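Visitor: My questions are about this predicted structure, shown below with the sequence.
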Amino acid sequence: MAKRHWMIYGANGYTGRLLAEEAQRQGLTPILAGRNPAAVHALGSRLGLECRIFDLQHRERAREALADIAVVAHCAGPFSATSLPMLQACLASHTHYLDISGEIEVFETVHGFDHKARELGLVVCPGAGFDVIPSDCLAACLHRALPDASHLALGFDSASGLSPGTAKTAVEGLGLGGKVRRQGLITDVPLGYKRRTIDFGRGARPAVTIPWGDVATAYYSTGIGNIEVYLPTPVTVAVAMRLADPLRPLLARRRVQGWLKGLVDKRVQGPDQSSRNRSRTWLWGEVRNAAGAIKRGRLETANGYEVTVHGMLLAVAHLLAYGGHGGYLTPSQLLGERCIEQLPGCGKILIA
């Protein structure tokens, strides 16, 4: 008998809670899960949803908890620690895997299970939220507009605010440095590696390269071998990033990471509903080929957390009715290159 249930793991976290609340509002009945009994059961009691408590490090318990689950919406970060054990549990229990990670290393690790997922007929799709649905769709549409493109640049301008999980991921990134893709290979570069001026949709602003997830995923969506991602950043901050790059070994130390993440726990709560309603996001992209032809694209979306919630719900619904092949898929490959346009508050992708 086909499995019909789906699960939100990490439901008591900032984004997991938003996802659970919206699912319940739409009349959906996800199973809420995590490793914190009090927090998960409190949310389940408030929303009238079933709960399961298990730790991903306990492999057999995780497999048993997923035995009747068709799709997992994995929301428990930092994903550098949780994505692999959850993916392994999904493969063992024959469960489709979705997450909301934006971490390059996570995307690459999950992609390493492509062959196994294909054999099992299971979809593994990390980045099924703001990281990276909008930018992945924009990249795919730009590639369609210029199929022989050799270089891709993407970027976004957002005031969405940070959840605790996102802030902790940013802390981890301080020690990892910058990343771009060159000739098909992910390449380490300094923090603040490259600067340019970009109009993301509300006027030209200075921007700097960041190690965003599309450095990994856009390659699988488009086949373009040279990829950079930009974020608007004041020139003084961009210069400070470059100057701070030699300190990365210090920032990567366990004790320093623990101290910084402790500050996150104390000071970061995530934007409230009013803040999310006021915040918009503007995305920009550019492709060029060897002959010098250029195509540019823009997209305006709702707040990043709203995109994440509704993007994940779209992906879950798609997989609950899925009849296609298994394997690693990016959001645009799974849901279509213009799937972002289906989400509330999101506009159309415009290519010129």
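Guide: Alright, I've got the coordinates. Numbers count the residues shown, from 1 in each chain.
Visitor: hey, let's count contacts and neighbours off CA atoms from now on
Guide: OK.
Visitor: So in this structure, which helix runs the longest?
Guide: Ranked by residue count under DSSP state H, the longest helix found in the chain is helix 304-320.
Visitor: neighbouring contacts of it?
Guide: Under the criterion C-alpha atoms under 8 Å, 6 or more residues apart in numbering, residues 4, 6, 15, 18-19, 22-23, 70-71, 73, 96, 98, 100, 128-131, 133, 158, 160, 276, 280-281, 301, 335, 340, 343-344 lie in contact with helix 304-320.
Visitor: Show me just the buried residues among those.
Guide: Buried subset of the contacts of helix 304-320 (neighbour count, 16 or more other C-alpha atoms under 10 Å): 6, 15, 18-19, 22-23, 70-71, 73, 96, 98, 100, 128-131, 133, 158, 160, 276, 280-281, 301, 335, 340, 343.
Visitor: Which residue, other than its chain neighbours, is closest to the spatially most central residue of the chain?
Guide: Most central in the chain under C-alpha atoms, centre = their mean is Asp131, positioned 2.7 Å from the mean C-alpha point. Once flanking residues are discounted, Asp131 sits nearest to Gly102: 4.9 Å by C-alpha to C-alpha, 6 or more residues apart in numbering.
Visitor: can you pull the contacts of the one you found?
Guide: With contact set as C-alpha under 8 Å, 6+ apart, Gly102 has these partners: 127, 131-132, 212-213.
Visitor: Buried subset of these as a PyMOL selection?
Guide: Selection of buried members from the contacts of Gly102 for PyMOL, criterion 16+ other C-alpha under 10 Å:
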select buried, resi 127+131+132+212+213
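Visitor: got CSV for the contacts of Gly102, with distance to Pro78 and pLDDT too?
Guide: Converted to CSV, those look like this (distance: C-alpha to C-alpha, whole Å; pLDDT from 0 to 100):
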residue, distance to Pro78, pLDDT
Gly127, 13, 98
Asp131, 14, 89
Val132, 16, 95
Trp212, 15, 92
Gly213, 14, 94
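Visitor: Which two of the contacts of Gly102 have the greatest separation?
Guide: Gly127 and Trp212 (11.1 Å; C-alpha to C-alpha).
Visitor: wait, isn't His41 in contact with Cys51?
Guide: Yes. Counting by C-alpha atoms under 8 Å, His41 does reach Cys51; the two are 6.3 Å apart.
Visitor: domain assignment for the protein?
Guide: The chain breaks down by automatic domain parsing into domains covering 5-130+305-335, 133-302.
Visitor: And those: which comes nearest Leu350?
Guide: The nearest among these, by C-alpha to C-alpha, is domain 133-302 at 5.4 Å.
Visitor: Would you list the phi and psi of Leu299?
Guide: Torsion angles at Leu299 (phi, psi; degrees, to the nearest 10) stand at phi -160, psi 140.
Visitor: So it is in contact with Lys348, correct?
Guide: Yes. Proximity of Leu299 to Lys348 meets the contact threshold set by C-alpha under 8 Å, at 6.2 Å.
Visitor: Of these two, which one has the most company?
Guide: It is Leu299, of Leu299 and Lys348, that has more neighbours when counted by other C-alpha atoms under 10 Å, with 24 against 15.
Visitor: where do the strands sit along the stretch 251-352 of the chain?
Guide: Using DSSP state E, counting those that start in this stretch, the strands found in the stretch 251-352 of the chain span residues 280-288, 294-302, 327-328, 350-351.
Visitor: coming back round to it: looking at the contacts of helix 304-320, which are in strands?
Guide: 6, 70-71, 73, 96, 98, 158, 280-281, 301 (DSSP state E).
Visitor: Between these, which has the least confident prediction?
Guide: When the ones in strands among the contacts of helix 304-320 are compared by pLDDT, Ser158 scores lowest at 83.
Visitor: my guess is that one meets Arg280, correct?
Guide: Yes. Ser158 lies in contact with Arg280 (C-alpha under 8 Å); the separation is 6.4 Å.
Visitor: and for the two, which residues touch both?
Guide: Joint contacts of Ser158 and Arg280 (C-alpha under 8 Å, 6+ apart) are 303-304.
Visitor: quick one: low-confidence parts of the stretch 1-150 of the chain?
Guide: Scanning the stretch 1-150 of the chain for pLDDT under 70 picks out the ranges 1.
Visitor: now the strands for it?
Guide: Counting by DSSP E, counting those that start in this stretch, the stretch 1-150 of the chain has strands at residues 5-9, 31-34, 51-53, 69-74, 96-99, 123-125.
Visitor: Out of those, flag the one nearest Ala62.
Guide: Nearest of the strands of the stretch 1-150 of the chain to Ala62, taken as C-alpha to C-alpha: strand 51-53 at 9.3 Å.
Visitor: helices or strands next to the closest one in the packing?
Guide: Strand 51-53 makes packing contacts with strand 31-34, helix 37-47 when contacts are defined by 3 or more C-alpha pairs under 8 Å, 6 or more residues apart in numbering; DSSP states H and E.
Visitor: Out of those, which gets nearest to Gly177?
Guide: Taking these one by one with C-alpha to C-alpha, strand 31-34 is closest: 30.7 Å.
Visitor: So which elements touch the closest one?
Guide: So strand 31-34, by 3+ C-alpha pairs under 8 Å, 6+ apart, packs with strand 5-9, helix 37-47, strand 51-53.
Visitor: which residues are contacting that strand?
Guide: With C-alpha under 8 Å, 6+ apart as the criterion, strand 31-34 contacts 5-12, 20, 40, 44, 49-55, 76.
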